[in-house]
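Novice: return a 3D structure for these sequence lines:
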Amino acid sequence: MERRRYSQQRERIYQAVMASKEHPTAQMVYDGLRQELPQLSLGTVYRNLHQLAQEGCLQELEGPMARFAASQPYSL
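Specialist: Got it, this is the predicted structure:
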C-alpha cells in the first residue's frame, strides 16, 4: 500500500502510540492529543491509526476494542 501524505496530525498520532507505555485505543490517543490539537476529531484518529496499521507502521491488536502498538521505527 502506498504511504499517505505527511500531516502534523498523522505524525502526532503515530508519536502518541510510540510514546505510550501501554497499547492505546483510538479514544486514548484522541484524549491525549485533543488539548494540543483542538481541531483533531476522533474519526481522524481512527482513520489514521487504521491506515498506519495497513502500512505496517503499527500493529492493530485484536480484542473487544482495537488497540495499537508500534511495529517498527518509521519516518512519516
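
Novice: where does pLDDT dip in this protein?
Specialist: 1-4, 72-76 (pLDDT under 70).

Novice: and for it, the residue most distant from the center?
Specialist: Among the C-alpha atoms of the chain, the one farthest from their average position, using C-alpha atoms, centre = their mean, is that of residue 64, at 17.8 Å.

Novice: got the phi and psi for that one?
Specialist: Note on residue 64: backbone dihedrals following degrees, to the nearest 10 are phi -60, psi -30.

Novice: can you tell me how far it sits from residue 37?
Specialist: 27 Å (C-beta to C-beta, to the nearest Å). No exception for glycine: its C-beta is placed from N, CA and C like everyone else's.

Novice: and for residue 53?
Specialist: 20 Å.

Novice: tell me which of those two has more neighbours.
Specialist: Taking other C-beta atoms under 10 Å, residue 53 and residue 37 do not tie; residue 53 has more neighbours (18 against 15).

Novice: right, and that one touches residue 69 too?
Specialist: No - when contacts are counted by C-beta atoms under 8 Å, residue 53 is not listed as touching residue 69 (9.5 Å).

Novice: overlap in contacts of the two?
Specialist: residue 59 (C-beta atoms under 8 Å, 6 or more residues apart in numbering).

Novice: CA atoms only for the helix or strand containing residue 50 - export them in PDB, please.
Specialist: Assessed by DSSP states H and E, residue 50 sits inside helix 42-54. Taking Å, rounded to 0.1, in the frame of the first residue of the first chain, the C-alpha atoms of helix 42-54 are listed here in PDB:
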ATOM      1  CA  LEU A  42     -11.900  11.100  16.900                       C
ATOM      2  CA  GLY A  43     -12.700  10.000  13.400                       C
ATOM      3  CA  THR A  44      -9.400  11.300  12.200                       C
ATOM      4  CA  VAL A  45      -7.600   9.400  14.900                       C
ATOM      5  CA  TYR A  46      -9.400   6.100  13.900                       C
ATOM      6  CA  ARG A  47      -8.700   6.600  10.200                       C
ATOM      7  CA  ASN A  48      -5.000   7.400  10.700                       C
ATOM      8  CA  LEU A  49      -4.400   4.500  13.200                       C
ATOM      9  CA  HIS A  50      -6.000   2.000  10.700                       C
ATOM     10  CA  GLN A  51      -4.000   3.500   7.800                       C
ATOM     11  CA  LEU A  52      -0.800   3.300   9.800                       C
ATOM     12  CA  ALA A  53      -1.600  -0.300  10.600                       C
ATOM     13  CA  GLN A  54      -2.300  -1.200   7.000                       C
END
